[in-house]
Each structure stands twice: as structure tokens, then as C-alpha cells.
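Colleague: Below: sequence and its predicted model.
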Amino acid sequence: MPLHLGPHPEPGNTPRPKFTLPTRRDFLTRAAGLLTAAPLVLSGCRGTPGAKGNPGGWYAWLSDIHLAADPTALLREECMVANLRAVLADILNGDEAPQSVLINGDLALKNGQPGDYATLLDVASPLLRARVPLHLTLGNHDDRETARAAFGLAVGAPVPTLDRCVSEIDGPGIRFVLLDSMIAPNKTPGTLGTEQLQWLATRLDSDPEQPTIVFVHHNLNSTWESALLDTDALVNVLRPRTQVKMIVFGHTHVWNVRQVDGIHMVNLPAVGYRFQPKQPLGWCQFRPLADGCDLQLRTIGGDQRKDGWTTRLTWRAS
């Protein structure tokens, strides 16, 4: 049951020329449903299934936005809403719009209150008006049921046996798989579970040629120790499936890029606030290439000495 916001119509539906965001009252009184034209839904679709071709365009990756119901709320001397607005403005100010924006968990401040997600709807409005799809994963500060109520629950999810928000997004020359590692709201560690890992293996085996990037909120580090309690089981799925080129995670509020067993590991910086003074606040621009990618750090706060730092990564052989 993936989370997708923005111009992401259900199969067979034709989008109307306009769309409107819900008011906070609308948000708090509805448990599910579709918005006008570009529905904000917990959708049952898979992006663009089977899309192939040469890689093109770019993608914006964010993590740990930690929004509160109060848009003026501060934590560690940072206004989380102001930081997200700055990131979205940076994303939209370029000459070329991104293919999509992905926020990799910890959407909410502490434990996924309805008002936290209402704030996200408000702040995301410029992105949605630009008709840029927004994809979401859940982190340990989110609440799965509240998020489902917030963004609408669509019938016919692709994984009816999983009580998780998982998703696949296929684009030209690249495939993203979004996992759900949340155990419970405000419970720090994460886990994927046997059923989700089995689903992941099956889906990866369905397309062994397409370069694939896996997203999960909880962190893996260079020794495979992690806040993700079943890291070893995840690695056992990913290591032999050489179409998996990269794992992207957040949770630590640390920016880091490294490689383990041929798989690139990207720890996204936080948007909301820092734990460590020498860390940036910002986002990552991902541009896929035929045999790898260009990855650029964009900062809006914190330690900005590495703003614009770019690296070219090469995919491991399939």
C-alpha cells in the first residue's frame, strides 16, 4: 500500500485540468477518498510499470522532515517547516523539473499526529501545483494508520497480504523499490519482516535486468550493523541480485556515501534538524546514467561547506 501524493491517477481515470488541496478541516474529517483531479491517495498503483529505455531526467531525495501540526514549531533551533519550504523552493527553481520527489521517512515530528500530515499537505502545495509526483516512505516517527487516513486509502493495493506501505516506481532505465521498516510510532528501531522480504525478493526477480535502487528509512552502516534489526536478512536478499545498485536510507540525520559489497549506500541528510553540528541540512539530487549516476548534495542549512558536492557512481556488474 504505497504512499504517493500528486498527479498520480488511478488506472483508467483521466485527470481533470485542475486540482485543489484539502483544507485542514477537510483533512481532519475524512478518513479516505480522492481529491479533485490529482488525488492525494495511498494508492494501489506501481508508478509506471514496465517502463524501459535510456535513463533521463533527475530525481529529488529527502529524508527526516519532521513536520509538526504547528508550522512555527522549532526543534534544536530549527524551524522544520521553513527548512522544507526552502528545500522545495530549491527543487522547483531549476530549469528542469524533477521526475519526482521522494521523502524517505520521518514525515512527522514525533509519533505521526493528524496535524503533522496536514502540515505536509500545506507545505507540499507548490510541488503539487507544479505537478511533480511526491512519493513517501514511513519512518519511526510516523503512524501507518494515521498516514493512510491522511492521504486516502485506495482499494486494490498490490500487496494485500502486507500491512506495510510498500511500492515500486519504474522509470526510464531505473527502478525504485520503497520499503516500510516502521515497527510502531516513536519506536526507534525498525524491521522489515519475513513477508516483506519475501515480497521484495519476488519483485526483484520479476525484472532481473533493470538497475534498481532500494529505499528504507532505517539506516545501515558500513559493517552492516544497523537500526534495521533484520539488516542481515535484507542483505541476503540484495547481495546476490546484482540489479540492485544502491540502498538509500535516512534516520541518522547524517550525510554519507559509501560502498559495501559493490552496493552503493547513501545516507540522506535530514531536512528538519541536525543531531551533529558538522552535518548539513538539505537534500540530494539523483541523475541516473547508463552505467551509474551523478549524485549531488544540495544544502539549505547546517554545515553548508559541501553544498553542491557531486560524485559520479558506477553500477556494479549485473
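Modeller: On my side now, so go ahead.

Colleague: Can you list the low-confidence ranges for the chain?
Modeller: 1-53, 152-162, 221-226 (pLDDT under 70).

Colleague: how about 90 then?
Modeller: Within the chain, the segments meeting pLDDT under 90 span 1-56, 94-95, 128, 148-165, 167, 170-172, 220-226, 318.

Colleague: Now do the contacts for D163.
Modeller: By CB atoms under 8 Å, 6 or more residues apart in numbering, D163 lies in contact with R144. No exception for glycine: its C-beta is placed from N, CA and C like everyone else's.

Colleague: Spell out the secondary structure type for it.
Modeller: Look at D163: counting by DSSP: H, G, I helix; E, B strand; the rest coil, its state is coil.

Colleague: What of the one 5 residues further on?
Modeller: When the structure is split into helix, strand and coil by three-state DSSP, E168 lands in strand.

Colleague: So what sits opposite it in the bridge?
Modeller: V177 (DSSP bridges).

Colleague: Isn't it up against R203?
Modeller: Yes: the criterion here is CB atoms under 8 Å, and E168 meets it with R203 at 6.2 Å.

Colleague: who touches both of those two?
Modeller: Here E168 and R203 share the contacting residues V177, scored by CB under 8 Å, 6+ apart.

Colleague: Looking at the two, which one has more neighbours?
Modeller: Neighbour totals were compared for E168 and R203, and E168 leads with 22 against 17 (other CB atoms under 10 Å).

Colleague: What spatial separation is found between the more buried one and G250?
Modeller: Using CB to CB, to the nearest Å, E168 is found at 20 Å from G250.

Colleague: Repeat that for A290.
Modeller: With CB to CB as the criterion, A290 and G250 are 28 Å apart.

Colleague: who's more crowded, the two?
Modeller: The residue with more neighbours, out of A290 and G250, is G250; 28 against 10, by other CB under 10 Å.

Colleague: Return the residues in contact with Y59.
Modeller: Here Y59 is in contact with P98, Q99, S100, V101, L102, Q285, F286, R287, P288 (CB under 8 Å, 6+ apart).

Colleague: Quickly list what it is bridged to.
Modeller: According to DSSP bridges, beta-bridge pairing links Y59 with F286.

Colleague: What distance do you get for it to N140?
Modeller: For Y59, the distance to N140 - CB to CB - is 24 Å.

Colleague: now the strands: where do they sit in the stretch 51-200 of the chain?
Modeller: 59-62, 74-75, 78-79, 101-104, 134-137, 167-171, 174-178 (DSSP state E, counting those that start in this stretch).

Colleague: Just name whatever secondary elements the third one is in contact with.
Modeller: Put plainly, it is strand 78-79. Strand 78-79 sits against no helix or strand, with contacts defined as 3 or more CB pairs under 8 Å, 6 or more residues apart in numbering; DSSP states H and E.

Colleague: partner strands of it, parallel or antiparallel?
Modeller: Note on strand 78-79: by DSSP bridges, its sheet partners are strand 74-75 (antiparallel).

Colleague: and G139, what does it touch?
Modeller: Contact analysis of G139 by CB under 8 Å, 6+ apart lists 63-64, 104-107, 181-182, 190, 217-218, 250-251.

Colleague: could those go into JSON lines alongside distance to I263?
Modeller: Output for those, formatted as JSON lines (distance: CB to CB, whole Å):
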{"residue": "S63", "distance to I263": "18"}
{"residue": "D64", "distance to I263": "22"}
{"residue": "N104", "distance to I263": "17"}
{"residue": "G105", "distance to I263": "20"}
{"residue": "D106", "distance to I263": "23"}
{"residue": "L107", "distance to I263": "26"}
{"residue": "S181", "distance to I263": "17"}
{"residue": "M182", "distance to I263": "23"}
{"residue": "G190", "distance to I263": "19"}
{"residue": "H217", "distance to I263": "17"}
{"residue": "H218", "distance to I263": "16"}
{"residue": "G250", "distance to I263": "17"}
{"residue": "H251", "distance to I263": "18"}
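
Colleague: Please identify which of those residues is nearest to V237.
Modeller: Comparing the contacts of G139 against V237 with CB to CB places S181 closest, at 13.6 Å.

Colleague: gap between the closest residue to the closest one other than its chain neighbours and D64?
Modeller: In space, and not counting its chain neighbours, S181 is closest to G190: 3.4 Å by CB to CB, 6 or more residues apart in numbering. Remark: distance between G190 and D64 (CB to CB) = 13 Å.

Colleague: what touches both of those two?
Modeller: Counting by CB under 8 Å, 6+ apart, the residues touching both G190 and D64 are G139, H251.

Colleague: Tell me the secondary structure at T311.
Modeller: Under three-state DSSP, T311 comes out as strand.

Colleague: beta partners of it?
Modeller: L295.

Colleague: What of L281?
Modeller: Bridge pairing for L281 (DSSP bridges) gives the partners G301.

Colleague: what number of residues lie near it?
Modeller: Neighbours of L281 (other CB under 10 Å): 24.
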